[in-house]
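[1] got a predicted structure here, sequence first:
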Amino acid sequence: MAASTYLTVALGLVVSALIARGLGPADFGQYAYVIWLSGFLVVVANNGLGISGIRFISECLGKNDSAQAANIHGWLQRWQWLSIAVVAGVFVLVLPFLKPAGWHGTVTVLACVVIVSFASKAAYLFQVSIAKGHGHFNIEAWSTMLMSVIYTAGIAAMALTRAPLAYFLIFFAVVSAAHIVVIRFMLRHDGIRAAYGPCEPLIMERLKPHLLWTVVQVAIATLGNKTFETYLLNTQVGAAEVGYFALASNLTRGAVELVSSSLTTMLMPALAHAYGAGGIRQVNVLLGDAVRYCLFLGLVVAGVGVLWSDLGVYVMYGAQYGAVVDVLRIMVLIGGCTLADSAFGALLSITDNQRQRAAASLIFVVSSAVSAFLLVPQYGLTGAMLSNAISRIIVFIVLASAALQMPGIALPWRKLTKLALAALGAAAIAAAIVMADAHALSQFLAGTVYLLIFVWLTLRLNAWEAKDAELLINVIDRKPALLNRLRPWAIRWRDKAQSN
């Protein structure tokens, strides 16, 4: 998953830069809006089916009941295809109200691109979730890398030939459809197949309410995930601003995924497996470790992202996209500091507390709607950024509060506090560098200094445990050709952590 993430994020940055430079802000804004619309429909079509699949298939396998895992796969798959068909029909009816600002192409092309892309990606992501429930993370990793390479090559060819917007969109739909072919082959190769036998009544008594609340939670959260901001920018501000907002969002997501996707991808199936095998006590241990790792990685993203934004945007996209810089800084700061919400959300999902998660999502969408309608029409791109930041902070607080109120759940507060202090110390040194010289290259240097000082301070403050060093040693032993030089240092770190 780590290798897949690095390649996918790197190629994603290349693709976004090629498209942005090839189309210009206005056309790129239309492209970004169509991609966002397709992604929005993917989430609506998948609703809670993939999440419930991960949850219950992992639990069944934790109990060594592979037959029930296959039956759950088949039951959910029927509903997934029905969901895609319903969403496609509704989309056709409301399409006149969802066109990109300044769209001059035919409605038929727009409809075909969106329907093919969202239906294909929804089916693909559902099957990827099923594979995760089985612990087969290689399927997502290899399929993502393969399709990313193909997509990048095609986009590069079109950018070099100055292809028009329609060609970029049609190619996106074609590559989305190709995901179906790839995932079917890989699932068959790994022996993951749906069965259509009857599911046990006791499982269905738990699965159906879980799915219902997950559907509610996903439907509500979908409306709050930059939906209002993007739609209002498109209808009331302009296509270019949609592109700026999309670039900042994609760069933030790329930075977060670059450092945390391996962790967050495995988090829900790992917690569900632990819950099936050892109950809430085993889940609490795993949750504490996950929150610590999320906070560490999030603080890396927040500090480095803020300081590298200026140079990164200008090098990749050029001066015409300078409006992205400040928006990106705020979004990457908030995204990094709230990264642990994925751990709290996964905990609520695997412990049948979907009602609390749905309530958190409702708060999220209400705050997002109110802030977007108040801020975006008046302040445009800045308003969209502030609206998104406010919503993210609110939902993080709500999810953390709900998770910590559960019996048997407690976080390692001393270790978390030490991580936060290390980040503050590193930020103070980085700020001194920027205050002395605010040039983009100086900011880049400050980001590098922040990263090094932050890691060093976490070690000096004993913010880690011996099992963290053991985990690193295990990783080194799996890839000795690349990492074996780190082993002596990791052993010294483990011995010091054990003595403390």
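    Arrived safely. In this text, all values refer to a predicted model and were calculated from it rather than measured experimentally.
[2] what residues does stretch 194-210 touch?
    48, 52, 55-56, 60, 67-68, 70-75, 77, 130, 349, 352, 354 (CB atoms under 8 Å, 6 or more residues apart in numbering). To be clear about C-beta, it is placed using only N, CA and C from the backbone, and glycine gets the same treatment.
[3] got the contact list for residue 487?
    By CB under 8 Å, 6+ apart, the contact set of residue 487 is 473, 476, 477, 480.
[4] okay if I get those residues as CSV plus pLDDT and secondary structure?
    Formatted as CSV, the contacts of residue 487 follow (pLDDT from 0 to 100; DSSP: H, G, I helix; E, B strand; the rest coil):
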residue, pLDDT, secondary structure
473, 83, helix
476, 83, helix
477, 82, helix
480, 76, helix
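[5] make a markdown table out of the residues you listed and add distance to residue 181 and neighbour count.
    Formatted as a markdown table, the contacts of residue 487 follow (distance: CB to CB, whole Å; neighbours: other CB atoms under 10 Å):
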| residue | distance to residue 181 | neighbour count |
| --- | --- | --- |
| 473 | 40 | 17 |
| 476 | 37 | 18 |
| 477 | 37 | 12 |
| 480 | 36 | 10 |
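[6] which of these sits closest to residue 430?
    Residue 430 has its nearest neighbour among the contacts of residue 487 in residue 476, at 29.2 Å by CB to CB.
[7] just give the closest residue to the closest one, not the sequence neighbours.
    residue 483 (4.3 Å; CB to CB, 6 or more residues apart in numbering).
[8] distance of the one you found relative to residue 106?
    Distance, residue 483 to residue 106, by CB to CB, to the nearest Å: 53 Å.
[9] who has more neighbours, these two?
    Neighbours were counted for residue 483 and for residue 106 using other CB atoms under 10 Å; residue 483 has more, 15 against 10.
[10] surely the more buried one is in contact with residue 475?
    Yes - counting by CB atoms under 8 Å, residue 483 touches residue 475, with 6.9 Å between them.
[11] residue 492: neighbour count?
    Around residue 492 there are 11 residues (other CB under 10 Å).
[12] quick check: it vs residue 485, distance?
    13 Å.
[13] swap in residue 239?
    According to CB to CB, residue 239 and residue 485 sit 50 Å apart.
[14] packing partners for the one helix or strand residue 471 maps to?
    Assessed by DSSP states H and E, residue 471 sits inside helix 466-478. With contacts defined as 3 or more CB pairs under 8 Å, 6 or more residues apart in numbering; DSSP states H and E, helix 466-478 has these neighbours: helix 487-499.
[15] and the helix it packs on, which residues are buried?
    490, 493, 494, 497 (16 or more other CB atoms under 10 Å).
[16] go on, stretch 277-294?
    Buried residues in stretch 277-294, counted by 16+ other CB under 10 Å: 283, 284, 286, 287, 288, 289, 290, 291, 292, 293, 294.
[17] out of those, which sit inside strands?
    Taking DSSP state E, every one of these sits outside strands.
[18] any idea which helix or strand comes after the longest helix along the chain?
    Looking across the chain with DSSP state H, the single longest helix is helix 239-317. Per DSSP H and E, the first helix or strand lying C-terminal to helix 239-317 is helix 324-337.
[19] what's the average pLDDT for that following helix?
    Across helix 324-337, the average pLDDT comes to 92.
[20] hey, where'd the helices end up in the stretch 101-250 of the chain?
    Taking DSSP state H, counting those that start in this stretch as the criterion, the stretch 101-250 of the chain carries its helices at 107-133, 137-160, 165-189, 201-224, 227-232, 239-317.
[21] so which bits of stretch 160-173 are buried?
    Buried residues in stretch 160-173, defined by neighbour count with 16+ other CB under 10 Å: 163, 165, 168, 169, 170, 171, 172, 173.
[22] same question, stretch 82-101
    Buried residues in stretch 82-101, counted by 16+ other CB under 10 Å: 83, 84, 87, 88, 91, 98, 99, 100, 101.
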